[in-house]
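Colleague: Following is a predicted model, sequence given first.
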Amino acid sequence: MKIISLEKDIFIYQFEPAKGSYIGINIFMIQHGNECIIIDTGYRRHFVQVLKDLNDKGLKVSKFILTHFHPDHIGGLLKVKDADIIGSIFAQDTLKRYVENYQKYLPTKVVVDKDTIIFGRHTIEMEINKGHSKDGLLITLNNKYMFVGDDVISDYHGNPSIPFCSEKDTLAHISSINMIISKSSEKIILPTHGKMLDNRDDIVKDLIKRLTYLHFINENRNATYDDFYQETKISFLGRDWHVLNQIRKVI
Ligand SMILES: [Zn+2]
């Protein structure tokens, strides 16, 4: 685990990918006095290490905010008692699909549309953003950092991973990428898996690749990943996920 300080009171706990994988885990910590807010927890094994560091520093977790409720984002929630769990109104739908005894992980405060938290000098804005997952939240800190959950995934060199529509809803993912494009100018993008993006050209290039892919599969449901590559010459990591995106969502 590496601890990266973005500012004196904003940190990333960064975990290397497991052997054979390119997907690492970032856990974000925002500090005010002796309290902190955690954005995404990783799996339990990751958060145990974060919690040890917080304990060593005398910091108490007052709130968790979740970009969405997939198991690799919520694994640490039950390690802290009495902290608020803040997440999308749609959290329950996702939890039911992935987690046994899901009731323990439900948000104690739900975001229905938009919400704002003031935490010392920090302003945290949260907005429903259905994309990678139905219960996605787009989270902005101090009008400077944007936490995009799994709507943008890369390795730690910034090589993009293929967009993954966990509910096969490509149109929702197109909307979420468009929302990130429209709101991210002058901001630094922080994915839960992968490299921070702080250059506008890199951000736009990455997001356009994602949009190109999502539009392609939306219009060519039976096309293979190679068909996509032949037509666009855009290359992604994680191309095995392509087949998981292909079946149209049943409404
Ligand atoms: Zn994830």
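Modeller: Cool, got the structure.
Colleague: alpha carbons only for contacts and neighbour counts from here, please
Modeller: OK.
Colleague: in what helix or strand does residue 131 lie?
Modeller: Residue 131 belongs to no helix or strand when elements are defined using DSSP states H and E.
Colleague: So for it, what's the pLDDT?
Modeller: pLDDT, residue 131: 96.
Colleague: likewise residue 169?
Modeller: For residue 169, the predicted pLDDT is 91.
Colleague: cool, and residue 221?
Modeller: At residue 221, the pLDDT recorded in the model is 86.
Colleague: burial of it, as a residue count?
Modeller: For residue 221, the count of nearby residues is 13 (other CA atoms under 10 Å).
Colleague: Any figure for the gap between it and residue 213?
Modeller: Between residue 221 and residue 213 the computed distance is 12 Å (CA to CA, to the nearest Å).
Colleague: again with residue 226
Modeller: 12 Å.
Colleague: Is the closest residue to residue 241 other than its chain neighbours in a helix, a strand, or coil?
Modeller: Leaving aside its chain neighbours, residue 241 sits nearest to residue 164 (6.7 Å; criterion: CA to CA, 6 or more residues apart in numbering). Secondary structure for residue 164, judged by DSSP: H, G, I helix; E, B strand; the rest coil, is coil.
Colleague: My read is that residue 164 contacts residue 149, right?
Modeller: No. Residue 164 is beyond contact range of residue 149, at 11.8 Å (criterion: CA atoms under 8 Å).
Colleague: Neighbours of the nearest residue in space to residue 3 that is not next to it in sequence, how many?
Modeller: Leaving aside its sequence neighbours, residue 3 sits nearest to residue 13 (CA to CA, 6+ apart; 4.7 Å). Look at residue 13: counted by other CA under 10 Å, it has 21 neighbours.
Colleague: tell me which residues form a beta bridge with residue 13?
Modeller: Note on residue 13: beta-bridge partners by DSSP bridges are residue 3, residue 27.
Colleague: and it, what is it in contact with?
Modeller: Residues in contact with residue 13 (CA atoms under 8 Å, 6 or more residues apart in numbering) are 1, 2, 3, 4, 26, 27, 28, 29, 50.
Colleague: And it, what's its pLDDT?
Modeller: 98.
Colleague: Mind listing the strands the helix or strand containing residue 116 pairs with, and their directions?
Modeller: Under the criterion of DSSP H and E, residue 116 resides in strand 114-119. When pairing is defined by DSSP bridges, strand 114-119 lines up against strand 122-128 (antiparallel).
Colleague: Would you mind listing the buried residues in the partner strand?
Modeller: 122, 124, 125, 126, 127, 128 (16 or more other CA atoms under 10 Å).
Colleague: Now do the SS call for residue 68.
Modeller: Per three-state DSSP, residue 68 ends up coil.
Colleague: what about it, distance to residue 85?
Modeller: Residue 68 is 11 Å from residue 85, by CA to CA.
Colleague: swap in residue 6?
Modeller: From residue 6 to residue 85 the distance is 24 Å (CA to CA).
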